[in-house]
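Undergrad: one predicted model, sequence on top.
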Protein chains: 2
Amino acid sequence: MTLSVVNKQENNPDVLHNILIPFQKQISELEGTLLSLLDSEVPFVRSVAEYILKNGGKRLRPVLTVISAKMSGFSGIQAYKMGGCIEFIHTASLLHDDVVDNAKIRRGQTSVNAKWGNHVSVLVGDFFYSRASQLLTEQANLKILKVVTDCITALTEGEVLEIVTNSNHKTTREEYLTIIKNKTALLFSAACEVGGLLGGVSNNFQEALKEYGYHLGMAFQLADDVLDYTSSEEVFGKAMGVDLQEGKLTLPLITALGFASEAEALVIKNALLGKRLEHELFLEVKNIIKKYNGFELTFELARDHINKAKQSLTPFRDSIEKDILLTIADYVVTRNF
Amino acid sequence: MTLSVVNKQENNPDVLHNILIPFQKQISELEGTLLSLLDSEVPFVRSVAEYILKNGGKRLRPVLTVISAKMSGFSGIQAYKMGGCIEFIHTASLLHDDVVDNAKIRRGQTSVNAKWGNHVSVLVGDFFYSRASQLLTEQANLKILKVVTDCITALTEGEVLEIVTNSNHKTTREEYLTIIKNKTALLFSAACEVGGLLGGVSNNFQEALKEYGYHLGMAFQLADDVLDYTSSEEVFGKAMGVDLQEGKLTLPLITALGFASEAEALVIKNALLGKRLEHELFLEVKNIIKKYNGFELTFELARDHINKAKQSLTPFRDSIEKDILLTIADYVVTRNF
């Protein structure tokens, strides 16, 4: 599959929705549970929390928890709550990320920090983290607790590693892979593993879900990092070229830097270091990446991970749930948003 | 006791150190444990975490955990680790607070956000929170887990409530008391209760420690809010008048506003709303507070809480530990830093 295939694929942003039709009832229950978990003694907290939560988001992570749990023989409110816990951690990290990146837009809408200031973004992010901890405490499953808290620490460390390597054109492929593992893949992995733990499955099934989530998360982020350069703003929900503008080195760029001439490397360095990224400079960098197949090679790695993700599910017998997890895997590398 | 007594009391900042002499060995072990818990896969995280942790701080909260545990028949590394958990939560909240307040100084040194930027303060704060969660997970005591996670949620809600009421001269005494309960007293309370839970004491002792910590924390914050107006920068470790400058309404000011003439209320409003607080205006506000006994009345409430704190310990028989907790209670309202 080449990049062009990616962009010609299903353009409907509701593609995930369609995949999940068999789970529509559960997903609307999940949505209701998420909102019900936002109650706070401080009304303003609830308002901001609702604003960010209702502002879309694909709910991919909590859906993974609910489906993994179902495939592991568990359904019910606790699956929604643990899915909520995972979604809250994701939301908290977005809120803090927006402060770090000084982002103006999140999920196609004005970001919380742009609307109410950095301090609100920090504190409501903290609220989401603490609510996630409360949900874990209520669940009182020590294995789940360990998986999720280790994941939060890794997430934070990944974000710090990202700012430490910011704008450094010498960032290696290995550093980049560590960052996306910590920032994205481990939370996907935890989302799925928690589903298995709710079902009380034996080790090999638990491991299978953990692996599936990990590879899915890696592929998700790799695809995201390509889409940041190639997708349009309307479809992707955020401006194109944000990573480059923020000085973030992602694999398409790191790949190109490995082959680039001295003159081309200088163009990239300038784009990384400059305060403002002019559209022409962005296109120039994009062309250098294209020249050295930076997008294709990144997508190739994403597809490798997707194959491994699907492979991981081998121990499970066929079921609607397994089918959906396999379809989600394909979706992650074919979506264009 | 009048305010003048407060300022004439023991000027030595080592007064807490002296109180704790019988526990010197444990305190140095606690310090070692705190530092050993900062290990991170990302060296920069450890450096920043060490910077903020080594930058002083009285370690009052973890000391309360260690002493409460000892009084409840428990000693050993787990008490240091749970003390560390409490201190990390406190540190995380300071780091995020500094972003919220745009603070330049913390514990008498350049704040993390002023030194490395808001993003580092946010992320290293997250690291401290997540490390605290890991410690709780490792401890695997569901009662402790509940006490501490509820406390983190309250802490966050308290901080949001504080920014919601910021600069609003109509902030009530009740709103203020809710804020300091959530922001300060509940963490003191958790610090002590966790000590009891480690010792596996029965309900009445657990409740006693919880109450002691709560009243101690209330008194601590009330005293802090007086000292913000009355103590000198060198001794207090932060600039005088910070609360007023940040538009924070604390009890001395709220008390004065209850009695102030229209003209005086206008002076206070101007001070709260202005971008910069001139020293003369600060002194004018301070004089209005003095005129209506705002400092004395606040201290009176602090002393009430201290009496209740000491009263709470009645169920425990006499011991070195109980003696120290009683002395710490007095220290909280007589310290001048």
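TA: Here it is on my side, so go on. Numbers count the residues shown, from 1 in each chain, chains lettered A, B, ... in the order given.

Undergrad: which SSE is the nearest residue to A:Leu251 once chain neighbours are set aside in?
TA: Nearest residue to A:Leu251, sequence neighbours excluded (C-beta to C-beta, 6 or more residues apart in numbering or on different chains): A:Thr298, at 4.5 Å. Backbone N, C-alpha and C define where each C-beta goes, glycine included. Using DSSP states H and E, A:Thr298 sits within helix A:294-312.

Undergrad: helices and strands around that helix, which ones?
TA: helix A:3-8, helix A:203-230, helix A:251-259, helix A:320-334 (3 or more C-beta pairs under 8 Å, 6 or more residues apart in numbering or on different chains; DSSP states H and E).

Undergrad: circling back: thought A:Leu222 was touching the residue nearest to A:Leu251, still the case?
TA: Yes. Under the criterion of C-beta atoms under 8 Å, A:Thr298 makes contact with A:Leu222 at 5.5 Å.

Undergrad: looking at the two, which is more packed in?
TA: Between A:Thr298 and A:Leu222, counting by other C-beta atoms under 10 Å in any protein chain shown, A:Leu222 is the more crowded of the two (29 against 24).

Undergrad: run through the stretch 151-300 of chain A and note the low-pLDDT ranges.
TA: Applying pLDDT under 70 to the stretch 151-300 of chain A picks out residues A:232-239.

Undergrad: tell me which parts of it are close to chain B?
TA: With C-beta under 8 Å from any C-beta of the partner chain as the criterion, the stretch 151-300 of chain A meets chain B at residues A:Ile152, A:Thr153, A:Leu155, A:Thr156, A:Glu157, A:Glu159, A:Val160, A:Leu161, A:Ile163, A:Val164.

Undergrad: contacts only, for the first one.
TA: The one in question is A:Ile152. A:Ile89, A:Tyr129, A:Ala132, B:Asp126, B:Tyr129, B:Ser130, B:Ser133 (C-beta atoms under 8 Å, 6 or more residues apart in numbering or on different chains).

Undergrad: show the pLDDT at the fifth one.
TA: What it means is B:Tyr129. At B:Tyr129, the predicted lDDT confidence score is 95.

Undergrad: circling back: now the residues of the stretch 151-300 of chain A next to chain B as JSON lines including distance to B:Gly258 and secondary structure?
TA: Formatted as JSON lines, these follow (distance: C-beta to C-beta, whole Å; DSSP: H, G, I helix; E, B strand; the rest coil):
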{"residue": "A:Ile152", "distance to B:Gly258": "44", "secondary structure": "helix"}
{"residue": "A:Thr153", "distance to B:Gly258": "47", "secondary structure": "helix"}
{"residue": "A:Leu155", "distance to B:Gly258": "47", "secondary structure": "helix"}
{"residue": "A:Thr156", "distance to B:Gly258": "44", "secondary structure": "helix"}
{"residue": "A:Glu157", "distance to B:Gly258": "49", "secondary structure": "helix"}
{"residue": "A:Glu159", "distance to B:Gly258": "46", "secondary structure": "helix"}
{"residue": "A:Val160", "distance to B:Gly258": "46", "secondary structure": "helix"}
{"residue": "A:Leu161", "distance to B:Gly258": "52", "secondary structure": "helix"}
{"residue": "A:Ile163", "distance to B:Gly258": "47", "secondary structure": "helix"}
{"residue": "A:Val164", "distance to B:Gly258": "51", "secondary structure": "helix"}
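
Undergrad: who wins on neighbours among those residues?
TA: Neighbour-wise, those (other C-beta under 10 Å) top out at A:Thr156, 28 neighbours.

Undergrad: what touches both of A:Thr298 and A:Leu222?
TA: By C-beta under 8 Å, 6+ apart, A:Thr298 and A:Leu222 have these common neighbours: A:Leu251.

Undergrad: Throw the helices and strands packed on helix A:294-312 into JSON lines and include distance to B:Phe282, thanks.
TA: Shown next, in JSON lines, are these (distance: least, C-beta to C-beta, whole Å):
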{"stretch": "helix A:3-8", "distance to B:Phe282": "61"}
{"stretch": "helix A:203-230", "distance to B:Phe282": "49"}
{"stretch": "helix A:251-259", "distance to B:Phe282": "52"}
{"stretch": "helix A:320-334", "distance to B:Phe282": "58"}
